[in-house]
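Trainee: predicted model and sequence follow; I will ask about them next.
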Amino acid sequence: MKTIDVETLRTWLEEGVPVTVLDIRPMHERVEWSIPGSMHIDAYDALKANDLKALANVEFPGEIPVVTVCAAGKTSLIAAELLQAQGIQALSLDGGMKAWSLAWNIAEVPVPGGTLHILQVRRTGKGCLSYLLGAGEEAIVIDASLDSQVYLDLAKRHGWQITSVFDTHIHADHLSRSRQLAERSGAMLFLPDQQRVSFPFTAMRDGDTLETPTMLLTALHTPGHTMESTCYLLNNHLLFTGDTLFPRGIGRPDLEADEQQTHVRASALYHSLHKILALPSDTLVLPGHTSTPVPFDGIPIAATLAQIDEEVAMIHATREVFIEQIMMRLPPTPPNYRQVVTFNEMGLLPESGVTDLEAGANRCAIS
Ligand SMILES: [Fe+2]
């Protein structure tokens, strides 16, 4: 065997199987996104030029397998062959970083009491964070960004039936899998109240609730990142903020908006953030994205409102300064975001090329 697929490597990293991941891409590609814990040797040009000594003097730790990684899984094959010729057990990652975009890991968010379990399902290859909330026999999913099967398998493992699926907003940087998950699991699909999507859903308006024997989910309309953006407050303590608020930043308000609309949205965001900050300071914020690869460390990406209050200086500015700062700090738009939005508004997934469409690092936040 000369190759390894994403699911196998993902499982090895999750289970702590000893492996050295060797990233051979040029530095400018690596800084965009990488596999947590991987080592890096910029051997791309040398390998492309058939330099047989491209990896000759590299020292690897112990007798453990080496997985070579490039952008799409072709040059990494050459690297693996060179290493094999040196007597090293080497495998090439099938599909490279493009395929790795779908890799994920989980972290359990500690919840007192032991009845309720919250799994943060982290798409490490892309930075999307989704959530599986389970108690008794029932589960809720928020912001599904991976294939339905991932959530169905996790729920089954815990003896849960997924009964409700929520999105915090119409996403622009990844294809929502919520509609498909709701269809496959027979769950109800809840979206923020809006006229953007062209498929049936149950609308969540500000203050609307969903109650199960152990969970009370309350919608908080928080326009800004998008006008329909909605946070969900669970049991008055945990807040799923989507792309409105992150532990170290706030959501960008400019996607699919001209300059004037961006101003309007930035102003709305200012008010939404202060609405959130009025909640108790020990409220735990669980965001919808992160802008760096998620380690396989089981540590949830989360922060209390008190921590965010200290960390994110922008929220203490006046409204005018806040808007001014946002306009100055807008990052480049994510590639293909208009097409992604179109698919999400139709509730469809493309038949092929999902990872092409979702290519690129997550760019939802301003920090
Ligand atoms: Fe977003």
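Mentor: That came in fine, so what should we check first? Computed from a prediction, not measured in an experiment: that's the story for all the values here. Numbers count the residues shown, from 1 in each chain.
Trainee: low-confidence ranges in this protein?
Mentor: 1 (pLDDT under 70).
Trainee: ok, now how distant is the residue of the stretch 101-250 of the chain found nearest the ion from T115?
Mentor: In the stretch 101-250 of the chain, the residue that lies nearest the ion is D243 (3.6 Å; C-beta to the ion). Using the backbone N, CA and C atoms, a C-beta is placed for each residue, glycine as well. Computed as C-beta to C-beta, to the nearest Å, the D243 to T115 distance reads 29 Å.
Trainee: tell me the centre residue of this protein?
Mentor: The residue lying closest to the centre of the chain (C-alpha atoms, centre = their mean) is C128, at 0.7 Å.
Trainee: surely that residue meets V340?
Mentor: No. If you go by C-beta atoms under 8 Å, C128 and V340 don't touch, sitting 11.7 Å apart.
Trainee: quick one: stretch 235-248 to chain centroid distance?
Mentor: 14 Å (C-alpha atoms, centre = their mean, to the nearest Å).
Trainee: cool, and stretch 294-307?
Mentor: 13 Å.
Trainee: show the end-to-end separation of that stretch, please.
Mentor: Counting by C-alpha to C-alpha, to the nearest Å, you get 20 Å between the two ends of stretch 294-307.
Trainee: for it, list every residue counted as buried.
Mentor: Residues 294-296, 300-305, 307 are the ones in stretch 294-307 that count as buried (16 or more other C-beta atoms under 10 Å).
Trainee: same check, this time on stretch 224-241
Mentor: Using 16+ other C-beta under 10 Å as the test for burial, stretch 224-241 gives 224-234, 238-241.
Trainee: which two among those residues are spaced furthest apart?
Mentor: M227 and L238 (24.2 Å; C-beta to C-beta).
Trainee: if we can go back for a sec, how about the residue nearest to the centre of the chain, nearest residue that isn't a chain neighbour?
Mentor: S145 (3.8 Å; C-beta to C-beta, 6 or more residues apart in numbering).
Trainee: same check on R338?
Mentor: Spatial nearest neighbour of R338, excluding adjacent residues (C-beta to C-beta, 6+ apart): E256 at 7.1 Å.
Trainee: ok, now P335?
Mentor: Computed as C-beta to C-beta, 6+ apart, the closest residue to P335 that is not its neighbour in sequence is G360, at 4.5 Å.
Trainee: okay, and the one you found sits in which element?
Mentor: Under the criterion of DSSP states H and E, G360 resides outside all helices and strands.
Trainee: restricting to C-alpha, output the helix or strand containing Y151 in CSV.
Mentor: Y151 belongs to helix 148-157 when assigned by DSSP H and E. Taking C-alpha atoms only, helix 148-157 is exported to CSV below (Å, rounded to 0.1, in the frame of the first residue of the first chain):
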residue,chain,number,x,y,z
SER,A,148,-24.8,13.5,7.5
GLN,A,149,-23.3,10.1,8.2
VAL,A,150,-20.7,11.6,10.6
TYR,A,151,-23.5,13.0,12.8
LEU,A,152,-25.7,9.9,12.4
ASP,A,153,-22.8,7.6,13.5
LEU,A,154,-21.9,9.8,16.4
ALA,A,155,-25.5,9.9,17.6
LYS,A,156,-25.9,6.1,17.2
ARG,A,157,-22.8,5.5,19.2
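Trainee: hmm, F343 is touching L175, no?
Mentor: Yes. F343 lies in contact with L175 (C-beta under 8 Å); the separation is 5.6 Å.
Trainee: contacting residues for the closest residue to D297 other than its chain neighbours?
Mentor: Among residues not flanking D297 along the chain, A107 sits closest, at 7.5 Å (C-beta to C-beta, 6+ apart). By C-beta atoms under 8 Å, 6 or more residues apart in numbering, the contact list for A107 reads 119-120, 122, 297-301.
Trainee: a markdown table for those, including distance to D193 and secondary structure?
Mentor: Converted to a markdown table, the contacts of A107 look like this (distance: C-beta to C-beta, whole Å; DSSP: H, G, I helix; E, B strand; the rest coil):
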| residue | distance to D193 | secondary structure |
| --- | --- | --- |
| L119 | 27 | strand |
| Q120 | 26 | strand |
| R122 | 28 | strand |
| D297 | 37 | coil |
| G298 | 36 | coil |
| I299 | 34 | coil |
| P300 | 29 | coil |
| I301 | 28 | coil |
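Trainee: what ranges do the helices span in the stretch 201-350 of the chain?
Mentor: For the stretch 201-350 of the chain, the helices defined by DSSP state H, counting those that start in this stretch occupy 259-277, 305-311, 319-329, 337-346.
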